[in-house]
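K.L.:
turn this into a model:
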Amino acid sequence: MNYKELVNKPQKFAPGHRSCAGCGFPPIVRTVLASTDDPIVAACATGCLEVTSTIYPFTSWGIPFIHNAFENSAATISGVEAAYNALKRKGRIPKNKKIKFVAFGGDGGTYDIGLQSLSGALERGHDFTYILYDNEAYMNTGIQRSSSTPFGASTTTAPAGKVHQGKEEWKKDIMQIVTAHHIPYVAQASVHNPIDLSMKAEKALNTPGPAFLVVLQPCTLGWRYHPSMTIDMAKMAVESNFWPLYEVENGKYKLNYKPSKAIPIVDYLKPQGRFKHLFKPENKHLLDEMQKKVNERWDELVKKCE
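P.N.:
Presented below is the predicted three-dimensional model:
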C-alpha cells in the first residue's frame, strides 16, 4: 500500500478527539486501522488514547470499541476473540466471516501493570494484534516514570535534582520480552514512517495467532518539546539508532532501516526538556554512557539480523 492509498482509506478513527496538539497516537491509530479492510474490534486500556477519544457522549471510534481497566487490554481482547470463536462454532456467526481483534495500550499499561495479562494472552495463542503506543511515561496521570522511561529522563517521580539526575535505570526491552514468547510476529515501528508502520500493521493483522507491534509516540507534554516537532522527534530517535525499525517473523530478525550515518544521541536528546539537565558540564559522563548503551544495543541487533 502506498501513502496515497493509505490516506484515502475510509477513516475508522475520526478527527475531533481531544488529544494534545502534536500528539502522535491519532496518526498511529488511523494508520493501523486503515491497514485492513476486514471488520475490526478494538479494546483500549485506560490512558491518554482512551480518555481523549471517548469523552461521553462522544467517540472518535468508527468501529466496535471496548474500554477496559489500565492493566486489562490484552485480557479483554482475548476474551472477545474467544467469544467470537464460540459463536462461530454455534453457527451464530458465519464461519467465513473474518473479524480482526486489536488491543491498544500505552507503555504504563503494557511494560508495567499490563504485562501479566499481555503475557498470558500471548502464551494462550489468541488470534489478536497488540499495539503498544510508547510515549515513555505515565503521561495521562502526570508524567510519572515507567519502565519504558529512558535513562536520564526527568519525570515527576524521578526528577532531576542535586542528588539524582532523572531516571537511573535503562529502558526495559519490551521487544525481547515479547519475542521470548515465541509468537509469530513482533515488530518495532515509528509514527514518522507511516508506510513502514502500515506494512507492519498489515502483517500483524494477517498473521494467525498473536502479533505485537510497538510504535514510538513522542509526547509533547512529557518530553517537553514544541508540538510542531513530533514527527521530527520520532525520526531523530530512529536516525540516532535509539529506536531501530525492525521485525521478528517466526523467530527471524530483520532490520527494516539502517541510517547511512547515525546522528549522535545528543542531537536527539537536546530538543527535549526532560533531558536538559544532562547538558550541564558535570553530567557529560551520563551522555557518554547513553551513547555507549545505544551503540551496544544497535550492534547486538545488527548481529541478530545478519
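K.L.:
and the gap between residue 102 and residue 146?
P.N.:
Using C-beta to C-beta, to the nearest Å, residue 102 is found at 22 Å from residue 146. Glycine gets a C-beta too; all of them are placed from N, C-alpha and C.
K.L.:
what's the answer for residue 86, then?
P.N.:
35 Å.
K.L.:
okay, these two: which has more neighbours?
P.N.:
For residue 86 against residue 146, the residue with the higher neighbour count under other C-beta atoms under 10 Å is residue 146, and the figures read 26 against 11.
K.L.:
now find how far off-centre stretch 107-116 is within its chain.
P.N.:
Here the centre of stretch 107-116 is set off from its chain's centre by 12 Å, with C-alpha atoms, centre = their mean, to the nearest Å.
K.L.:
same check, this time on stretch 166-183
P.N.:
When C-alpha coordinates are averaged (C-alpha atoms, centre = their mean), stretch 166-183 and its chain have centres 12 Å apart.
K.L.:
what average pLDDT does that stretch get?
P.N.:
For stretch 166-183, the mean pLDDT works out to 98.
K.L.:
in that stretch, what counts as buried?
P.N.:
Taking 16 or more other C-beta atoms under 10 Å as the basis for neighbour counts, the residues of stretch 166-183 that come out buried are 166-167, 171-172, 174-175, 177-179, 183.
K.L.:
how about the helices in the chain?
P.N.:
Counting by DSSP state H, one finds helices in the chain at the ranges 3-7, 25-33, 48-53, 73-89, 115-124, 174-179, 194-206, 220-223, 230-239, 265-269, 284-305.
K.L.:
now the ones you listed in a markdown table, with distance to residue 247?
P.N.:
A markdown table is the format used below for the helices of the chain (distance: least, C-beta to C-beta, whole Å):
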| stretch | distance to residue 247 |
| --- | --- |
| helix 3-7 | 19 |
| helix 25-33 | 15 |
| helix 48-53 | 23 |
| helix 73-89 | 20 |
| helix 115-124 | 16 |
| helix 174-179 | 10 |
| helix 194-206 | 6 |
| helix 220-223 | 25 |
| helix 230-239 | 14 |
| helix 265-269 | 22 |
| helix 284-305 | 10 |
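K.L.:
then stretch 275-288 to PDB, C-alphas only?
P.N.:
Provided in PDB are the C-alpha atoms of stretch 275-288 (Å, rounded to 0.1, in the frame of the first residue of the first chain):
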ATOM      1  CA  PHE A 275      16.900  15.800  29.300                       C
ATOM      2  CA  LYS A 276      18.100  19.400  29.700                       C
ATOM      3  CA  HIS A 277      19.900  18.700  33.000                       C
ATOM      4  CA  LEU A 278      22.200  16.200  31.200                       C
ATOM      5  CA  PHE A 279      23.800  19.100  29.200                       C
ATOM      6  CA  LYS A 280      25.400  20.600  32.300                       C
ATOM      7  CA  PRO A 281      29.200  20.100  32.200                       C
ATOM      8  CA  GLU A 282      29.200  17.900  35.300                       C
ATOM      9  CA  ASN A 283      26.800  15.400  33.600                       C
ATOM     10  CA  LYS A 284      28.700  14.800  30.400                       C
ATOM     11  CA  HIS A 285      29.600  11.300  31.600                       C
ATOM     12  CA  LEU A 286      25.900  10.400  31.600                       C
ATOM     13  CA  LEU A 287      25.600  11.400  27.900                       C
ATOM     14  CA  ASP A 288      28.600   9.300  27.200                       C
END
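K.L.:
bridged to the residue positioned nearest the centre of the chain, which residues?
P.N.:
Centroid check for the chain by C-alpha atoms, centre = their mean gives residue 133 as the closest residue, at 2.7 Å. Under the criterion DSSP bridges, residue 133 forms beta bridges with residue 106, residue 215.
K.L.:
next one: residue 43
P.N.:
With beta bridges defined as DSSP bridges, residue 43 has these partners: residue 66, residue 103.
K.L.:
residue 187 reaches residue 212, doesn't it?
P.N.:
Yes: in terms of C-beta atoms under 8 Å, residue 187 counts as a neighbour of residue 212; the distance is 7.4 Å.
K.L.:
so which of these two has more stuff around it?
P.N.:
Of the pair residue 187 and residue 212, residue 212 is the one with more neighbours under other C-beta under 10 Å, namely 28 against 25.
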